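> Got a predicted structure here, sequence first:
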Amino acid sequence: MTKLSVNINKIATLRNARGGNMPNLLKVAKDVQIFGAEGITIHPRPDERHIRYQDAYDLKPIVITEYNIEGNPMDDFIKMVLQIKPAQVTLVPDAVDAITSNAGWDTIKHTDFLKEIIAEFKRNKIRTSIFVDPNLKMIEGAAETGTDRIELYTEEFAKQYSLGNKEAIRPYIECAILAHKLGLGINAGHDLSLENIKFFKENIPNLLEVSIGHALICEALYDGLEKVIGEYLKKLKS
Ligand SMILES: CC(=O)[C@@H](O)[C@H](O)COP(=O)(O)O
Ligand SMILES: NCC(=O)COP(=O)(O)O
């Protein structure tokens with residue numbers, strides 16, 4: 001069964017827009033789990049434009065499902081993850097000013113670096129995953145690093161699927177087959193949505209977990225609007 005981990009970065013983006021505590025990130029994290037999600041994902045960035053490092057600590061006692069912290073393993077990030085000890089850390093090679101994640105690791109060029117940092121997380125009993133493009137060479141390189149899992153970077157699939165190009169799933173299937181053969185667990189994420197998730201899940205063998213944020217929060221807004229507007233109208237018109 002594929003687990004759903006909800007990325008709550010966007011809740012923090014909205015909260016930060018006004019400087020207060022609305023929406024309340026911790027309440028959302030609790031509710032997301034009550035509603036059935038099997039994990040909470042956050043991806044703090046150095047500029048703390050959405051999830052702040054303090055949020056990562058505050059969420060620790062709230063996340064009773066699987067806590068997944070994603071990010072670029074720079075010193076502050078490593079220190080924080082080792083203190084919090086989430087169930088899983090997902091390493092993503094983001095540039096400091098990246099608007100969102102836009103590439104997977106070059107697992108061949110960075111094997112030694114990844115090996116060292118992955119070993120440190122594993123010594124601390126934190127499961128590791130590394131963000132990779134759907135490229136067979138990168139999967140082979142990932143296996144060399146000692147990581148427990150890979151996270152397939154799904155932006156290109158999502159883009160092509162929305163254009164009607166279902167063949168775009170092909171490299172993801174091939175990578176998933178190879179990763180499983182090499183003993184790697186398979187996660188996936190980025191731009192997955194209600195539109196594409198069923199097709200992705202049905203085609204990718206041994207898919208353990210997906211982390212979904214941007215589309216899921218937008219979909220929740222769309223779905224919630226009618227109910228909330230109705231409630232306002234009731235108050236205004238009675
Ligand atoms: C690794 C990945 O694809 C997601 O974590 C995504 O990058 C979320 O980050 P933002 O919410 O900053 O876009
Ligand atoms: N790891 C991917 C993730 O957490 C969510 O990505 P997105 O759904 O916000 O694109």
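Yes, it's here. Remember, it's a predicted structure, so these values are computed and weren't measured experimentally. Ligands and ions are numbered 1, 2, ... in the order given.
> pull the CA atoms of stretch 68-75 into PDB?
Taking C-alpha atoms only, stretch 68-75 is exported to PDB below (Å, rounded to 0.1, in the frame of the first residue of the first chain):
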ATOM      1  CA  ASN A  68       9.400  13.300   7.000                       C
ATOM      2  CA  ILE A  69      11.700  16.300   6.900                       C
ATOM      3  CA  GLU A  70      13.100  17.300   3.500                       C
ATOM      4  CA  GLY A  71      15.900  19.600   2.600                       C
ATOM      5  CA  ASN A  72      19.400  20.300   1.500                       C
ATOM      6  CA  PRO A  73      21.800  18.800   4.000                       C
ATOM      7  CA  MET A  74      23.600  22.000   5.000                       C
ATOM      8  CA  ASP A  75      25.000  22.300   8.500                       C
END
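> any idea how far residue 232 is from the residue of the chain most remote from its centre?
The C-alpha centroid of the chain is most remote from residue 238, which lies 43.8 Å away (C-alpha atoms, centre = their mean). According to C-beta to C-beta, to the nearest Å, residue 238 stands 11 Å off from residue 232. In this view, the C-beta of every residue, glycine as well, is placed from N, C-alpha and C.
> and what of residue 206?
Using C-beta to C-beta, we find residue 206 at a distance of 46 Å from residue 232.
> Whichever strand or helix holds residue 210 near ligand 2 at all?
Taking DSSP states H and E as the definition, residue 210 sits inside strand 207-212. Yes - judged by C-beta under 6 Å from any ligand atom, strand 207-212 comes into contact with ligand 2 at 211, 212.
> Alpha carbons of that strand, in CSV - could you do that?
Once non-C-alpha atoms are left out, strand 207-212 reads as follows in CSV (Å, rounded to 0.1, in the frame of the first residue of the first chain):
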residue,chain,number,x,y,z
LEU,A,207,5.6,2.6,-4.5
LEU,A,208,5.9,3.0,-0.7
GLU,A,209,5.0,6.7,-0.2
VAL,A,210,4.0,9.9,-2.0
SER,A,211,4.4,13.3,-0.5
ILE,A,212,1.9,15.9,-1.8
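> In the next helix or strand after that strand, which residues are buried?
For strand 207-212, the following helix or strand on the C-terminal side (DSSP H and E) is helix 214-237. By 16 or more other C-beta atoms under 10 Å, the buried positions in helix 214-237 come out as 214, 215, 216, 217, 220.
> Within reach of ligand 2, which of the residues you listed are there?
214, 215.
> Closest one to residue 169 out of the buried residues of helix 214-237, please.
Set against residue 169, the nearest of the buried residues of helix 214-237 by C-beta to C-beta is residue 215 (17.5 Å).
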